[in-house]
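In: Model the structure of this input:
(chains A and B)
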Amino acid sequence: MTADSRGGDLFIVDNAAEGWTGLRYLEEWTGIAKAFDIATGFFEIGSLLALDGKWQKLGKIRILMGDETTQRTKKALLEAVRSRAEAELDESLEETKEANPFLQGVPAVIDALHAGQIECRVYHKNKFHAKGYITHATLDVVGSRALVGSSNFTYPGLTENVELNIQVQSGQEVAELQEWFERYWEEAVDVTPRITELISRHTKAYTPFDVYAKALQEFFRGHEMTASEWEETASRMFPKLDQYQKEAYWALMKIVRQNGGAFLCDGVGLGKTFVGLMLIERLTLHEGRRVVLFAPKGTKEGVWEPHLRSHLDHIGGVGGGADFSNLAVFSHTDLTRSGDFPERFRRITELADVVIIDEAHHFRNRGREGDPESGELRSRYYRLYDILDDTVRPKTLFMLTATPINNRLTDFRHMTELFTRRDEAYFARTLGVNSLTTHFNQLEKELRRVTGDDTVDAGDSLYEVQQLLAPDRVFQSLVVQRSRAYARESQLREAGTSAAFPERKAPQVAAYSIRKTYGRLLDMLEDAFSRDHPLFSLAIYYPLAYYGGDDESIDPWIENRQRQVIGLIRTQFLKRFESSVRAFELSCDRLLRKLLAFLEVHSELDQEKSYLDRWKRQNAEVLKSVAERQLALWGEEELEEEEEEEDIVPPELLEAVERLNRDEYDVDLIMKETYLDLDQLVKFLSETQKFQAAHDDKLKKLIRLLNSKDMAGQKVLIFTEFADTARYLAHHLKEAGIEGVAQVDSASTANRAEVIRRFSPYYNGSSSTELEARGKEEIRVLISTDVLSEGLNLQDACRLINYDIHWNPVRLMQRIGRVDRRLNPEVETRLVADHPETADSRGKVVFWNFLPPDELNAILSLYTRVTQKTLLISKTLGIEHKKLLTPADDYEALKEFNQSYEGTKTAVEEMHLEYQSLLQEDPDLSRYLTAMPGAVFSGRKRLARGSRGVFFCYALPALDKERGEFTLEAGTTAWYLFDADRGEILEDPAEIVTSIRSKPAAPRRCTMEQKTLIEIRDAVLKHIKNSYLKRLDVPLDAPKPALRCWMELNEG
Amino acid sequence: MAVDYREQLGRIRTFPQLVRFLRDELDWPITHDDFEELTFDYAPEELGIDAANAAKIQEIKRLRPLSSNQPWGIFFVKFEPKRLPVVALRRILGQVALKKRASANKAERQAWAADDLLFISNYGEGEERRIVGGQVHMSFHVRRDV
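Out: This next block holds a predicted model:
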């Protein structure tokens, strides 16, 4: 009380600490009043809850709301006022739930609204800015009073804010005010039912299914965006996408907005290109951004350009009908080309907004940074890194690859660093990863621990890699990756069929005998590897083993690298031996020349020079004969830089042979070892010279297979890892009279796109008729190295042969993915119409693996001995212990392979499919869930295999990098389950879902004390603060974790 | 003219009192009253503190950042014994100070430049209980009383 306490007539209510608050004023009136008439901008539930137990004594409360919102029409004004009033009320209810999660006191308000005890109206004829409280005493002798001023009917308005309200005491003046109130009340619109409905949403007895479905919706928010009007009406690509592709597109857009970069890593053949086209269309046309696409040369010419022409001719960039374009398309190799390319890329650095990289795993290794002074060139990776320089112009990056991990987990980090710009703390405030390098080092360490292998190649341990990456925060947040199984199932649920994917028949084994082919050479190789000091000391590649100097600072990493080079050379020899005699022979020859080069450089003394000359003279015949055969296969061609080197040593490991200092290294010993290696090589070469193709059992088997009825009239794709083998096969298949044979490897000079079109015309925008009209011979049998194993559409073929043992499962999957990929119904119709003889085989993919059953164990043992590790391909290929890939031999192994190729649906994918089904079964479900208020609560009897406890679904904040502030939208949804029996808080959704899964009919049953529930909620909140919020260093001014829904899981 | 807060500071015995002082007297934008809500908790094991030193520590807390991208951090460390256990403090610093080599930093935990770290320690018994604060260096010294 202020003025009245001094005895004056003026009674002021201003919420001052020493005086009257509006709340106290109204409280006192509830004791003697029968009704309140309230004029306010809006009201909050807090005001009524603060009067709980007291307002109930009143016979009537009329709340007249209005606002000073400016609107053109009365209808708009009404909607604006009503929306504002509802929003304020809703927000107040959400805030109340923090301290009062079960909304004690609110049901009474709802009852009063239903009963007409509380009535709400909105004045909408004009701006309404009045605040007043007319209180009508029960006793006539007391009469009515009015408090008029500034307080809204809200908790702060009645208690906290400094307000100015004056009591009108004169009976006549109050009567005039009452008349005023009635006039506006009469003109106002009744909103009581809407208010009732709004409040009731918060206190409704939600079912376990409601909570479960809401938790799923929250978990997958971002994946389930609704198509915008542009997508529905203007986009040409959007209608062509399947549901799972739309999800990928939406998810990528969201990831990029949050992180600046995103990966699409769906398995081979799932239509990543279509998602890429959708991105291009949206970014260039809808968002008006400048996009640059980089793809391998073959894929650019064979896939992207034709697809851009046929699907997106309206955006221009590659032919098409548009004169202007926001799209530029380049090959990966353009990055390192000279001419006008550097200048063009400089402009792109300045102008581009978005970069899309197809087959992005080509950028998994950084390569050399380059040095202008020494003339060392900058690698392709670093050139791309320069283009993405965000200090020149910010850019977002999309990377498409089915194999984000090829050899090391660090592959993924290197690609990520293209957009993180090597900022180690780039994900600190979004994912809580404060050092990206350490994060991946830890993962590598864990992989080594899990596999028990210190030199593990991630490509050989895909299963373990998947297990590690699936729950990884960085991977989860940046990557869209769905298994083939998920895509297939998603299609089934969406369209009732997954006809777009062919049926993959059981793999067949094409058995052959190495011994028949190689004879004595096989024994020689086994002997060479069986000795205590196995084949080749290769001392020139491991000089540190002969170091005798006094430098103690030699980096163990460098020494280890040298050791690895030797392991790799030996492994390559074995692989080439298994591939073909020619591949093996040429490897021997190439190594021999490198060893001779070393000896040339280091033979300084006359005696040494003369020894070397003598050696060369003695072996001149062998050297000459190999050179001639090499010329026959290769001509004068040089390897292009275009593709991965196929030489026996990967280029990044091959340091130039430096002249060794005799004071530091035992060069004499190195030279002796080198001569021994040379002698061994000559022995091998002498033996290969005796070889005749007519004795090549593997080749003969291939010819028989191609002439078999299985292959008659069929397109066949033959993969080999080595160009030497590819050329050897092409030569001899033609010689054997097989028609329509062509061969492609990294050094082929033929136009690759043209070769692809001739082999697979229908899936590359052509047809047999069109080829004929152009005078082009159609290819029936295409022999290829892995240059064709990625990104291309070769679905015209449905027969595939792996000529070598498929040492690397990643490669194998990519190979199969060339033909086992989404089919286009229109193309299929045309193809079968032109070639009715293929009708039965269409939609069925068959592949053969060449394996030597009798010598398989010997080969695998050699591999183990050479690499010092067990070949882990058994996990994906099931070929260990003679378990061959035929249904009869080993069904389990086959099943294992199929699972690995299809990808096992993860628990999260299962959840997603389940959620999609729920949405399909009930088209209104999404809207219903979206309209739910926060902190929806339910309870149920725990599931038989589920935990007892309390489940929580929270929206958590993260840094929105664009806005520079933490928001819930930028954050994530996390599930927590307080397991009452274990006393632990679980966080793994895959584990939690088994405890909360609920059918619509599951009855609501709540038995836990509310006090206990609140204590558990507080414990979970504390856990969130000291885990997630701490990891992201979420500041105090950030939004708090928002409880979306929760559920007790009790004993019933 | 700079205000001399030494007398007020001298009366502060607990971390919550200190935080109230920062808010009320120094106008730090701290809107919460709940000290628990204002701070992140650390377990000694989480910071690699050995059992012997962990036994001397009652609690380790860090004031939550007041805004995004705040470069500095304030740790509150509450000790059991009468004397400030310098070794334990040094250990904590070793864990939260930024290292030059990227791979030497923890992925899970944030780190700060040593100059951006402030340690406030509460130790002593009964009336003797006091708060000291300062930047800690590997050759530890308390630069100044709060």
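In: ok, which stretches of chain B are helices?
Out: B:6-10, B:15-24, B:35-38, B:51-54, B:86-96 (DSSP state H).
In: One more: the stretch 101-250 of chain A?
Out: For the stretch 101-250 of chain A, the helices defined by DSSP state H, counting those that start in this stretch cover A:106-115, A:155-159, A:171-187, A:192-203, A:208-219, A:229, A:243-259.
In: picking up where we left off before, what's the closest of the helices of chain B to residue A:523?
Out: helix B:86-96 (59.6 Å; CB to CB). All C-beta atoms are positioned from the backbone trio N, CA, C, and that covers glycine.
In: Is the closest one in proximity to chain A?
Out: No: counting by CB under 8 Å from any CB of the partner chain, chain A is not contacted by helix B:86-96; separation bottoms out at 10.7 Å.
In: confidence score at residue 71?
Out: The chain I'm using is chain A. You'll see residue A:71 listed with a pLDDT of 61.
In: I was thinking of chain B, sorry if that wasn't clear
Out: The model's pLDDT for residue B:71 equals 87.
In: quick one: contacts for it?
Out: B:112-113, B:116 (CB atoms under 8 Å, 6 or more residues apart in numbering or on different chains).
In: Pick out whichever of those residues sits closest to residue A:203.
Out: For the contacts of residue B:71, the nearest to residue A:203 is residue B:112 (46.4 Å; CB to CB).
In: For chain B, what lies in contact range of chain A?
Out: Near chain A, when you scan chain B using CB under 8 Å from any CB, you find B:29-32, B:36-38, B:40-41, B:62, B:64-70, B:102-111.
In: do that again at 6 Å, thanks
Out: B:40-41, B:64-68, B:102-103, B:105, B:107, B:110 (CB under 6 Å from any CB of the partner chain).
In: Secondary structure class of residue A:571, three-state.
Out: Put simply, residue A:571 is helix when judged by DSSP: H, G, I helix; E, B strand; the rest coil.
In: which SS class is the residue nearest to residue A:707 when sequence neighbours are not counted?
Out: Once flanking residues are discounted, residue A:707 sits nearest to residue A:738: 7.5 Å by CB to CB, 6 or more residues apart in numbering or on different chains. Following three-state DSSP, residue A:738 is assigned to coil.
In: so residue A:738 sits right up against residue A:706, yeah?
Out: Yes: proximity of residue A:738 to residue A:706 meets the contact threshold set by CB atoms under 6 Å, at 5.4 Å.
In: Looking at these two now, which is surrounded by more residues?
Out: residue A:706 (22 against 19; other CB atoms under 10 Å in any protein chain shown).
In: So what does the more buried one have for phi and psi?
Out: Main-chain dihedrals, residue A:706, degrees, to the nearest 10: phi -70, psi -30.
In: Look at residue 33 and say how many residues are nearby.
Out: By default, I'm working from chain A. Neighbour count for residue A:33, taken as other CB under 10 Å: 25.
In: switch to chain B, that's the one I care about
Out: 11.
In: And it, how close does it get to chain A?
Out: 12 Å (CB to the nearest CB, to the nearest Å).
In: With residue B:8 instead?
Out: Distance from residue B:8 to chain A, by CB to the nearest CB: 23 Å.
In: tally of neighbours for that residue?
Out: Quick note: residue B:8 (other CB under 10 Å) scores 13 neighbours.
In: Any chance of the helices of the stretch 101-250 of chain A in JSON lines with distance to residue A:752 and mean pLDDT as columns?
Out: Below are the helices of the stretch 101-250 of chain A laid out as JSON lines (distance: least, CB to CB, whole Å; pLDDT from 0 to 100):
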{"stretch": "helix A:106-115", "distance to residue A:752": "70", "mean pLDDT": "95"}
{"stretch": "helix A:155-159", "distance to residue A:752": "72", "mean pLDDT": "93"}
{"stretch": "helix A:171-187", "distance to residue A:752": "78", "mean pLDDT": "95"}
{"stretch": "helix A:192-203", "distance to residue A:752": "61", "mean pLDDT": "93"}
{"stretch": "helix A:208-219", "distance to residue A:752": "44", "mean pLDDT": "97"}
{"stretch": "helix A:229", "distance to residue A:752": "41", "mean pLDDT": "85"}
{"stretch": "helix A:243-259", "distance to residue A:752": "27", "mean pLDDT": "90"}
